[in-house]
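Trainee: Sharing a sequence plus its predicted fold:
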Amino acid sequence: MSSQNKIIVIGGGIIETDGDRYYARSQIVEYLLGLNQCYNKVTWMARLIDSHDYRTPIDNTGVRLDIINKNMETILSLRGCIGQIISYWRFARDIDRRTDIIVSEYSVTSMPYLLMTRLFGRKSLYYLGSDPRLTKDLRKDTFYGRFSSFAKSIVLPLSIKLANGVLVRGKSTYEQCSHWNSNIILSSPLISYKHFRDVLSKRIDGRQKDRFDILYVGKLEENKGVHVLLNALKLLQSANNASIDIRLNIIGSGIMVHELMELAETNNLGHIVKFHGFVDDPEKLADIFSASDLFVVPTLYHEGFPRVIDEAMVCGIPVICSRLGGMKDGLDENEVIFISPGETSELADAMTAIMNDSELRDKLRTSSIARAEKTLRNTASEQHATFLEKLT
């Protein structure tokens, strides 16, 4: 790739915290730094998000904006219509025939960037993390929500057609988008690889140590199904009769955190469930993953392919997940154990099977490691840069 080319990445957020401090998620920054190895210049057009409006709070383990700016140019998109117009003007000012772009904003605002790149730029990629057929405005019961959902259903296919190439997560998204653009690939996940590469060497089988550690990572909201996990854990603990020391580590934050803490206490699980809050430090996350024996994704709604599943599989951890969305389409029966969404007893049975069956654990661990080796071979930044270069 010519070192004279430059790239603009549109999407993601810079979180403004109290005290005028600015942070970004570590895996996004690592991805951008990877692109920095392939391009002469990287510009990141990020949305400015107030930490009080951010459903997953940032902490000091995020990457500070001043550190990011030492390696690339960062342009903050201000809130509102005026902010969006200014972003378009800045983009039009910077785009030229040496400029590639990657757009990951899943909204109607993406199309003007792709159109300007067609007219004045080099090549463009459009990143989609979930099936376009599932796109709905959260306020769909209001007039604005209905209008927004309708606009997305019209604009998103046009945006996909405008892009030179498309990056997707999940086979169903691939199949849907391939009708609109034949230049399409399944994207590698955005993972902080440098912190997860050494995790496998630290792995200890749960039945060879003092306890069996179960892990959940994600938002604490009703549609994520954490309450189902806590109820299944109650069944597991009752059947276990204290013969095995079980622990559940919950990483994440959200509107249900206090309700879930109360549920843990109500289920007499307070002594085995630990709420860690939000953790963005890749090294700390890698340590928690390395000590875990089972990873559970009990989501209740259709979503894309959660990055945390890749992180768990990179660490060789057996995975139980709902048979939904990108998980159903992106994983095989021999790689994970699927459960029906919301089925407490089914989840409890699956956790019991993995805890008590060493052959099953070894089988799932081997499958996870095999998938991880493919993942680690080609990071998202390397894959995306190579894909752009091959596009005509």
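Mentor: That came through fine.
Trainee: which SSE is Pro112 in?
Mentor: helix 111-120 (DSSP states H and E).
Trainee: residues making contact with that helix?
Mentor: Applying C-beta atoms under 8 Å, 6 or more residues apart in numbering, the contact partners of helix 111-120 are 10, 88, 91-92, 95-97, 99, 101, 103, 123-124, 126, 155, 158-159, 162-163. Quick note: C-beta positions are derived from backbone N, CA and C, even for glycine.
Trainee: Quick one: the helices in the stretch 251-392 of the chain, in order.
Mentor: 257-266, 282-290, 307-314, 325-330, 344-356, 358-377, 380-390 (DSSP state H, counting those that start in this stretch).
Trainee: Could you identify which of the ones you listed is most buried?
Mentor: Highest mean neighbour count among the helices of the stretch 251-392 of the chain (mean count of other C-beta atoms under 10 Å): helix 307-314, with a mean of 23.
Trainee: what are the C-alpha coordinates of that helix, in PDB please?
Mentor: Taking Å, rounded to 0.1, in the frame of the first residue of the first chain, the C-alpha atoms of helix 307-314 are listed here in PDB:
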ATOM      1  CA  ARG A 307     -17.100  -8.900  20.300                       C
ATOM      2  CA  VAL A 308     -16.900 -10.400  23.800                       C
ATOM      3  CA  ILE A 309     -17.500 -13.800  22.400                       C
ATOM      4  CA  ASP A 310     -14.400 -13.500  20.300                       C
ATOM      5  CA  GLU A 311     -12.500 -12.300  23.300                       C
ATOM      6  CA  ALA A 312     -13.600 -15.300  25.300                       C
ATOM      7  CA  MET A 313     -12.700 -17.700  22.500                       C
ATOM      8  CA  VAL A 314      -9.300 -16.100  22.000                       C
END
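Trainee: correct me, but Ile10 touches Asp100?
Mentor: No - under the criterion of C-beta atoms under 8 Å, Ile10 makes no contact with Asp100, lying 11.4 Å away.
Trainee: Show me the contacts of helix 111-120 that map onto strands.
Mentor: Residues of the contacts of helix 111-120 located in strands (DSSP state E): 10, 99, 101, 103, 124, 126.
Trainee: The first one: what's it in contact with?
Mentor: The one in question is Ile10. Ile10 neighbours (C-beta under 8 Å, 6+ apart): 45, 91, 101-105, 110, 113.
Trainee: between these, which is nearest Met355?
Mentor: Ranked by distance to Met355 (C-beta to C-beta), these are led by Ser104 at 38.0 Å.
Trainee: Can you tell me the closest non-neighbouring residue to Glu303?
Mentor: Spatially, and ignoring its direct neighbours in sequence, Glu303 is nearest to Gly325 (4.9 Å; C-beta to C-beta, 6 or more residues apart in numbering).
Trainee: Tell me how far that neighbour lies from Val42.
Mentor: Distance of Gly325 to Val42, given as C-beta to C-beta, to the nearest Å: 31 Å.
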